[in-house]
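In: need coordinates for the following:
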Amino acid sequence: MFTVSRDFNFCYAHRLLGYAGRCAHLHGHNGVVRVTLQSEDTDELGMVVDFAEIKRQLGNWIDSELDHKLLLSQSDPLLDVLRVAGEPVNVMQSNPTAENIARLIYEKAVIFGFPVHSVTLWETKNCFATYSPYANYNG
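Out: Reported below is the predicted structural model:
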């Protein structure tokens with residue numbers, strides 16, 4: 001089995017609805033996301049996927065949809081106010097936790113046709129979450 005990974009950096013702000021702590025308030029992160037692709041075989045060039053192609057498709061999407069955006073739940077009462085104020089908001093179906101952001105990126109990579117194994121998002125140097133549909137995935 002072959003795996004390749006590509007890291008992306010992006011800045012975002014969010015808040016967690018229903019959270020009893022500091023993360024209930026708007027705050028920002030310098031996030032790092034690692035997208036890991038997996039395949040039993042390589043292509044005729046010996047690659048799982050060209051790193052440049054991962055950057056072109058997924059990296060451009062991260063830059064346009066996540067970087068320097070407010071990531072908020074669709075039920076966040078601030079949405080209308082922030083939209084009227086012209087703030088760049090990416091509306092998520094659920095609370096914008098590290099876990100749910102990793103899953104969002106995973107799902108987008110699948111739509112692009114990549115053979116995604118897992119996505120890990122570091123909110124800070126020491127705190128990260130991984131989404132993978134594979135049972136008992138341990139990174």
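In: buried residues in the lowest-mean-pLDDT helix or strand in the chain, which are they?
Out: The weakest-scoring helix or strand in the chain, judged by mean pLDDT, DSSP states H and E, is helix 79-84 (a mean of 94). Applying a neighbour-count criterion of 16 or more other C-beta atoms under 10 Å, one finds residue 79 buried in helix 79-84. Where C-beta positions appear, they are placed from N, C-alpha and C, glycine not excepted.
In: next SSE downstream of it?
Out: For helix 79-84, the following helix or strand on the C-terminal side (DSSP states H and E) is strand 89-92.
In: check which helices and strands that next one is in contact with.
Out: Applying 3 or more C-beta pairs under 8 Å, 6 or more residues apart in numbering; DSSP states H and E, we find strand 89-92 packed against strand 69-73, helix 79-84, helix 98-111.
In: kindly recompute the last result at 6 Å.
Out: strand 69-73 (3 or more C-beta pairs under 6 Å, 6 or more residues apart in numbering; DSSP states H and E).
In: can you list the strands that the strand it packs on pairs with?
Out: strand 2-14 (parallel), strand 89-92 (parallel) (DSSP bridges).
In: thinking again about what came up before, chain center to the least confident helix or strand of the chain, what's the gap?
Out: How far helix 79-84 lies from its chain's middle: 23 Å, per C-alpha atoms, centre = their mean, to the nearest Å.
In: likewise stretch 5-22?
Out: Centre to centre, stretch against its chain (C-alpha atoms, centre = their mean), the figure for stretch 5-22 is 9 Å.
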